[in-house]
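K.L.:
Please find the sequence and the predicted model below.
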Amino acid sequence: MSSFLADVATTTKSVGFLSKWQWVSTTWQNNGASLHTKLMD
C-alpha cells in the first residue's frame, strides 16, 4: 500500500512539473506573439 501511495505522490509531482512547464511555454508563446504583433505594427 505504501508503494502505491509513493507512486501516486511521484505521479502528482511529475504532473505538477509538466503543467508548470506547459504554463511557462504557453506564456512564452503568448508573449512572443504579442511582441511579434507589436513589432509588426
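P.N.:
Sure thing, it's come through. Numbering: from 1, shown residues only.
K.L.:
C-alpha from now on. contacts and neighbour counts both.
P.N.:
OK.
K.L.:
Okay, now the unreliable bits of this structure?
P.N.:
Of all residues in the chain, those with pLDDT under 70 make up the ranges 1, 41.
K.L.:
residues contacting Thr11?
P.N.:
For Thr11, the contact set (Cα atoms under 8 Å, 6 or more residues apart in numbering) is empty.
K.L.:
measure it to Lys20 for me?
P.N.:
As judged by Cα to Cα, to the nearest Å, Thr11 and Lys20 stand 14 Å apart.
K.L.:
so how far is the helix or strand encompassing Val24 off the chain centroid?
P.N.:
Counting by DSSP states H and E, the element that carries Val24 is helix 2-40. Relative to the centre of its chain, helix 2-40 is centred 0 Å away, using Cα atoms, centre = their mean, to the nearest Å.
K.L.:
And for stretch 33-41?
P.N.:
Taking the mean C-alpha point of stretch 33-41 and that of its whole chain, the gap between them comes to 24 Å (Cα atoms, centre = their mean).
K.L.:
Quickly note the distance from Val8 to Leu18.
P.N.:
For Val8 relative to Leu18 (Cα to Cα), the value is 15 Å.
K.L.:
Ala9 now?
P.N.:
Ala9 sits at a distance of 14 Å from Leu18 (criterion: Cα to Cα).
K.L.:
What of Ala6?
P.N.:
From Ala6 across to Leu18, the span is 18 Å (Cα to Cα).
K.L.:
now Thr37
P.N.:
From Thr37 over to Leu18 (counting by Cα to Cα), the distance is 28 Å.
K.L.:
And for Ala33?
P.N.:
For Ala33, the distance to Leu18 (Cα to Cα) stands at 22 Å.
K.L.:
now swap in Leu35 and tell me
P.N.:
Leu35 sits 25 Å away from Leu18, taking Cα to Cα as the criterion.
K.L.:
next one: Leu39
P.N.:
Separation of Leu39 from Leu18 (Cα to Cα) stands at 31 Å.
K.L.:
So between those two, which is more surrounded?
P.N.:
In this comparison of Leu39 against Leu18, neighbours counted by other Cα atoms under 10 Å, the higher total goes to Leu18 at 12 against 8.
K.L.:
mind listing what the more buried one touches?
P.N.:
Residues near Leu18 by Cα under 8 Å, 6+ apart: none.
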